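Chemist: Requesting a structural model of the entry that follows:
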Amino acid sequence: MNEVNNDRPKNDGPTFAALGVREETVEALAALGIERAFAIQEYAIPIALRGSDIIGRAPTGTGKTFGFGLPIIDQITSAEEGADGRPQALILVPTRELGLQVSRDLEDAGKTRGIRVLPIYGGRAYEPQVDALKAGVEIIVGTPGRLLDLHKSKHIKLDRIAHCVLDEADRMLDLGFSEDVEKILKLLPTERQTMLFSATMPDTIMSLSRRHMNRPMTVAADVSAPDLEAANNTRQLVYMTHAMNKVEVAARILQANGRGLTIMFCRTKRAAQKLADELDFRGFAVGSVHGDLGQNARERALRAFRSGKIDVLVATDVAARGIDVPDITHVINYDAPEEAETYIHRVGRTGRAGATGIAVTFLTWEDLPRWKIIVKVNNLDLAIAPPETYHTSDHLYSDLDIPEGAPSSLPSEMRKRDGLSAEREENVEGDSRKKSRSSRAPRGKGRGESDRRGGGRSGDSRGAGRESSAGESAESTPQEPRTRQRRRIRGEGEAVAAASESKPAPEQRAPQDEGGAEGDAPARRRRRRRRPTGGSDRQSTEG
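Modeler: Numbers count the residues shown, from 1 in each chain. You can find the predicted model right below:
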């Protein structure tokens, strides 16, 4: 394989027009304020425009989306140019968030020609995606699982795909999509252009390229520091913290002078939600993005973060893939990363496109062995054993320009963000999920309806029992006559009560039973004793 290397850290590359990008696309980029190419774009675009297969090696945040996206946009046919609406290009991504980000970038770049880009991913309703496919698209950006589902149901056809891209291929395989990716690639036409972009090149990636690519050319944009621009533009700080004091330290950092949008990384979904709840309680405008949240909640938090309604986003590594917001000033590794490349990805969220940023990493004593490997692999000029730091440590305030005496909660006069509640919630998961969430009967309904839906009183096992035995049919079929539940203790009480419980209510007895006892005075007296009150009648028919 041929290989081209470039380690230029600054975006002083040529214009896109000089690289051969068509005039309409250059105009669309200029409207976005993008005029010059980054390193990976400079070397990938001319090769991709020739139709050659490419293996691109570049860290996250180096601009590889336009590296493969612009050649695709220039080579496909738009609807105005006679396209029949069947997808011509397919871009596989590992996560929903990355898919949405790539879709937005390509849609912006192809706006002048009306290029239709459709993101396809799980966690939302099928119907809007199926309707969009029927209306016609030129580019599909999707996760492997949902793509296979739509193909099996014959809603998507891949026989016209002329360009295929595997974006963040290493991450895709790490998440267990190897088998699905193989299936999808076998469904595509043999004659196609295939481009693979990845931050690392393990043996699995090279094996995949040998099976599915035709004499690919390798393009690398490598730098010795963690990220192409973060190396020069991000100030990196590391503190040894105690697990019980980390939230206090973080609360002070979030009050630093000049702090803007901030991403905080946690190792697990539970830790991310717990931290978000704690910061919200302390008055910070915070949202969270992790795998336990539904797609509605995740997209709502991302929209609020991009629009500035919240300025703190707590995320896990997987969920944070594809978060590309230009104005992030601080990254806080609340939980230390487990891998060297994870540190690269996290720090790369700030200090982008020539901006400056600050990255703070919290370490506990258990993190030290792993941290030594991260520093060595990434060639970081950071301490192996950083100083112990608490929320009262003087160097914390001086390092990050935190006002002296900053409290543990955000003062009310500093709470100027609208908050997550100001962002409307859009239902992208479909009506079926919405119905399932609202299946509980509203208050004020009769107990019969509430119990049949499983919405009776908390701890009332009778409603749950009826739901499990009768199911949904309880609402549409008449119920069996109920036996009496009243107990009357009179003389030989237990025998009388047992007899009364086993007999049906008087209004439910057959007419001949009533008639047979008409002239029998003792029978009439027995009936009067068993006659229920009005309240019990209502309980019998409604309960």
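
Chemist: Look at the closest residue to Leu237 other than its chain neighbours and say how many residues are nearby.
Modeler: Leaving aside its chain neighbours, Leu237 sits nearest to Val360 (4.9 Å; criterion: Cβ to Cβ, 6 or more residues apart in numbering). Using the backbone N, CA and C atoms, a C-beta is placed for each residue, glycine as well. Neighbour count of Val360, defined by other Cβ atoms under 10 Å: 24.

Chemist: One more: Ala220?
Modeler: Every residue meeting other Cβ under 10 Å relative to Ala220 is counted, giving 17.

Chemist: ditto for Ala243
Modeler: Number of residues near Ala243 (other Cβ under 10 Å) recorded here: 11.

Chemist: quick one: it and Thr364 touch, right?
Modeler: Yes - using Cβ atoms under 8 Å, Ala243 makes contact with Thr364 at a distance of 5.7 Å.

Chemist: With Pro407 as the reference, measure out to Pro87.
Modeler: Between Pro87 and Pro407 the distance, using Cβ to Cβ, to the nearest Å, works out to 54 Å.

Chemist: between these two, which one's more packed in?
Modeler: Neighbour comparison, Pro87 and Pro407: the larger count goes to Pro87, with 26 against 12 (by other Cβ under 10 Å).

Chemist: With Glu23 as the reference, measure out to the more buried one.
Modeler: Counting by Cβ to Cβ, the separation of Pro87 from Glu23 is 25 Å.

Chemist: Stretch 380-388: which residues count as buried?
Modeler: Across stretch 380-388, burial judged by 16 or more other Cβ atoms under 10 Å covers Leu380, Pro386.

Chemist: any idea whether the closest residue in space to Asp317 that isn't next to it in sequence is helix, strand or coil?
Modeler: Counting by Cβ to Cβ, 6+ apart, Thr342 is the residue found nearest to Asp317 once chain neighbours are left out, at 5.7 Å. When classified by DSSP: H, G, I helix; E, B strand; the rest coil, Thr342 comes out as helix.

Chemist: Would you confirm that Thr342 contacts Val318?
Modeler: No - counting by Cβ under 8 Å, no contact exists between Thr342 and Val318, whose distance comes to 10.3 Å.

Chemist: what's the helix or strand for the residue positioned nearest the centre of the chain?
Modeler: Within the chain, the residue whose C-alpha comes closest to the C-alpha centroid is Arg298; the distance, by Cα atoms, centre = their mean, is 4.7 Å. For Arg298, the enclosing helix or strand under DSSP states H and E is helix 295-307.

Chemist: Just the C-alphas of that helix, formatted as CSV.
Modeler: As requested, the backbone C-alpha atoms of helix 295-307 are provided in CSV (Å, rounded to 0.1, in the frame of the first residue of the first chain):
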residue,chain,number,x,y,z
GLN,A,295,-32.9,8.7,22.2
ASN,A,296,-35.4,11.5,22.9
ALA,A,297,-33.5,12.5,26.1
ARG,A,298,-30.1,12.2,24.5
GLU,A,299,-30.9,14.4,21.5
ARG,A,300,-32.7,16.9,23.8
ALA,A,301,-29.5,17.2,25.9
LEU,A,302,-27.3,17.7,22.9
ARG,A,303,-29.6,20.3,21.4
ALA,A,304,-29.6,22.2,24.7
PHE,A,305,-25.8,22.0,24.9
ARG,A,306,-25.3,23.3,21.4
SER,A,307,-27.7,26.1,21.8
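
Chemist: List the buried residues in it.
Modeler: Gln295, Asn296, Ala297, Arg298, Glu299, Arg300, Ala301, Leu302, Arg303, Ala304, Phe305, Arg306.

Chemist: Please apply the same query to stretch 304-318.
Modeler: By neighbour count with 16+ other Cβ under 10 Å, stretch 304-318 contains the buried residues 304-306, 309-318.

Chemist: again, but for stretch 147-155
Modeler: Leu147, Leu148, Leu150.

Chemist: And the spatially closest residue to Met172 that is not a sequence neighbour, what's its pLDDT?
Modeler: What sits nearest to Met172 in space, not counting adjacent residues and going by Cβ to Cβ, 6+ apart, is Pro94, at 4.2 Å. pLDDT, the model's per-residue confidence, is 90 for Pro94.

Chemist: Pro94 and Pro128, how far apart?
Modeler: Using Cβ to Cβ, Pro94 is found at 22 Å from Pro128.

Chemist: which one of these two has more residues nearby?
Modeler: Relative neighbour count places Pro94 above the other of Pro94 and Pro128, with 25 against 12, counting by other Cβ under 10 Å.

Chemist: Let's verify the more buried one: helix, strand, or coil?
Modeler: The three-state label given to Pro94 by three-state DSSP is coil.

Chemist: and it, what does it touch?
Modeler: Pro94 makes contact with Thr143, Asp167, Glu168, Arg171, Met172, Asp174, Leu175, Phe177, Arg321, according to Cβ atoms under 8 Å, 6 or more residues apart in numbering.

Chemist: circling back: beta partners of the residue nearest to Leu237?
Modeler: With DSSP bridges as the criterion, Val360 is bridged to Leu237, Ile332.

Chemist: which residues in the stretch 251-400 of the chain form helices?
Modeler: Counting by DSSP state H, counting those that start in this stretch, the stretch 251-400 of the chain forms helices over residues 269-281, 295-307, 340-347, 368-377, 394-400, given from the N-terminal end onward.
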